[in-house]
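Chemist: what would the 3D arrangement of this be:
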Amino acid sequence: MPDDVAARAAAEEESAFSHPAVDPDSTAAYGDHPDQVIDFYAPRGERMPGEAAPLVVVLHGGAWRAPYDRRHITPFADFLARRGFAVANVEYRRGAALPAQGGTSPVAGRWPDTFDDVAAALDALPALVREALPQADPRRTVVTGHSAGGHLALWVAARHVLPKDAPWRTPAPAALRGVVALAPIADFTVAEKLAVCDGAAAQLLGGAAKFAERLPYADPSLLLPTGIATTLVQGRADIVVPQAVAESYADAAAKSGEVVGLTLLEDVGHFPLIDPAADACAVVAEEIAQLAW
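Modeler: Model (predicted):
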């Protein structure tokens with residue numbers, strides 16, 4: 001990798017993580033585990049009197065690994081709240097803190113706990129929002145997520161097309177205005193070929209021995225069409241989750257008969273999409289607004 005590419009990626013990551021965490025207006029539990037919580041941010045932008053705000057559900061990234069919790073994406077959640085959205089920032093169980101076998105990175109995700117939590121959080125959300133965010137209009141809900149959270153956002157929209165024996169399957173599509181997935185790990189097979197996040201997708205599914213068996217329950221590129229409006233936002237200069245992963249999902253959607261938006265940003269890497277100081281973050285907010293409003 002050229003030194004200038006690596007240096008720019010490092011600078012982008014440093015900028016995204018330089019913002020202090022923003023405390024939520026309230027937090028509610030959707031289960032008994034400490035990670036089974038949702039932070040709520042009330043809309044701070046200008047609205048017409050009596051007008052309810054669209055609800056944005058945020059699913060954070062971090063390769064489904066324990067060190068990366070929802071706190072790192074709170075500046076992004078606050079950025080959306082300041083743009084007039086009501087925001088629900090979801091936490092979920094991630095991998096163990098111990099390194100994966102043969103590697104140095106912590107294990108990515110827990111099977112089936114990570115999926116259990118995201119499904120439970122979305123199922124509990126309507127009732128929790130009525131209590132925590134009376135300003136929100138749940139009928140205008142958009143789910144967004146970054147990186148591994150982008151995968152989860154796509155997966156949330158596909159629960160009704162999961163295999164019939166999947167415990168997370170729903171009888172009908174989720175009541176969503178749409179999904180905006182940011183540099184998502186959207187095709188697990190391509191991600192593994194490219195060694196995205198040190199093999200995180202395979203770890204999430206329980207390792208190589210379980211990868212093929214569990215892929216139909218977890219890989220968004222195999223869960224199409226969803227019938228839910230979907231946009232992917234991807235930096236062309238992303239070296240963490242390369243553009244090819246998003247393009248593969250968009251191709252799979254097209255083959256299924258579904259049109260998926262793919263917004264490619266020049267000279268943008270992985271982290272500006274959630275960095276309030278970056279122009280790319282404003283593009284993300286606009287993509288969300290186009291679906292929500």
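Chemist: could you look up the SS state of Val118?
Modeler: helix (DSSP: H, G, I helix; E, B strand; the rest coil).
Chemist: so who does it touch?
Modeler: For Val118, the contacting residues are 59, 90, 92, 152, 155-156, by CB atoms under 8 Å, 6 or more residues apart in numbering. C-beta: built from backbone N, CA, C; applies to glycine.
Chemist: so which of those residues comes closest to Leu224?
Modeler: Closest approach between the contacts of Val118 and Leu224, by CB to CB: Trp155, at 11.6 Å.
Chemist: ok, that closest one touching Phe115?
Modeler: Yes: between Trp155 and Phe115 there is a contact under CB atoms under 8 Å: 7.5 Å.
Chemist: which neighbours do those two share?
Modeler: Both Trp155 and Phe115 are in contact with Ala218, where contact means CB under 8 Å, 6+ apart.
Chemist: comparing those two, which residue is more hemmed in?
Modeler: Under the criterion of other CB atoms under 10 Å, the comparison of Trp155 against Phe115 puts Trp155 first, with 28 against 24.
Chemist: ok, now how distant is that one from Ile288?
Modeler: 18 Å (CB to CB, to the nearest Å).
Chemist: now do Arg71
Modeler: From Arg71 to Ile288 the distance is 21 Å (CB to CB).
Chemist: the more surrounded of the two?
Modeler: Ile288 (24 against 15).
Chemist: got the residue ranges for the strands in the stretch 101-250 of the chain?
Modeler: 136-146, 178-182, 230-235 (DSSP state E, counting those that start in this stretch).
Chemist: deepest-packed of those strands, please.
Modeler: Sort those by mean neighbour count, taking mean count of other CB atoms under 10 Å, and strand 178-182 sits at the top with a mean of 29.
Chemist: endpoints of stretch 184-203, how far apart?
Modeler: End-to-end distance of stretch 184-203 (CA to CA, to the nearest Å): 17 Å.
Chemist: list the buried residues in it.
Modeler: Buried residues in stretch 184-203, defined by neighbour count with 16 or more other CB atoms under 10 Å: 184-192, 196-203.
Chemist: just the ones of these in helices?
Modeler: 188-192, 200-203 (DSSP state H).
Chemist: pull the most distant pair out of those.
Modeler: Longest span within those, CB to CB: Val190 and Gln203, 16.2 Å.
Chemist: contacts only, for the nearest residue to Tyr249 once chain neighbours are set aside.
Modeler: In space, Tyr249 comes closest to Ala186 once its chain neighbours are excluded; the distance is 3.6 Å by CB to CB, 6 or more residues apart in numbering. Taking CB under 8 Å, 6+ apart, we find Ala186 in contact with 150-151, 154, 220-221, 232, 245-246, 248-249.
Chemist: ok, 10 Å please
Modeler: Taking CB atoms under 10 Å, 6 or more residues apart in numbering as the criterion, Ala186 is in contact with 150-151, 153-155, 219-221, 230, 232, 234, 241, 245-250, 252-253, 260.
Chemist: same check on Ala157?
Modeler: Applying CB under 10 Å, 6+ apart, we find Ala157 in contact with 122, 143, 173-174, 176, 178-179, 181, 220, 223, 226-230.
Chemist: equivalent analysis for Thr263, please.
Modeler: Under the criterion of CB under 10 Å, 6+ apart, the neighbours of Thr263 are 180, 182, 231-235, 246, 280, 283-284, 286-287.
Chemist: cutoff 6 Å now
Modeler: By CB atoms under 6 Å, 6 or more residues apart in numbering, Thr263 lies in contact with Val233.
Chemist: and if you look at Leu224?
Modeler: Contact analysis of Leu224 by CB under 6 Å, 6+ apart lists 252-253, 256, 258.
Chemist: model confidence over stretch 180-193, on average?
Modeler: Averaged across stretch 180-193, the pLDDT comes to 98.
Chemist: first to last residue in that stretch, what's the distance?
Modeler: 24 Å.
Chemist: ok, now stretch 223-240?
Modeler: 23 Å.
Chemist: and which of the contacts of Leu224 is nearest to Ala96?
Modeler: Closest to Ala96 out of the contacts of Leu224 is Ala252 (31.1 Å), distances taken as CB to CB.
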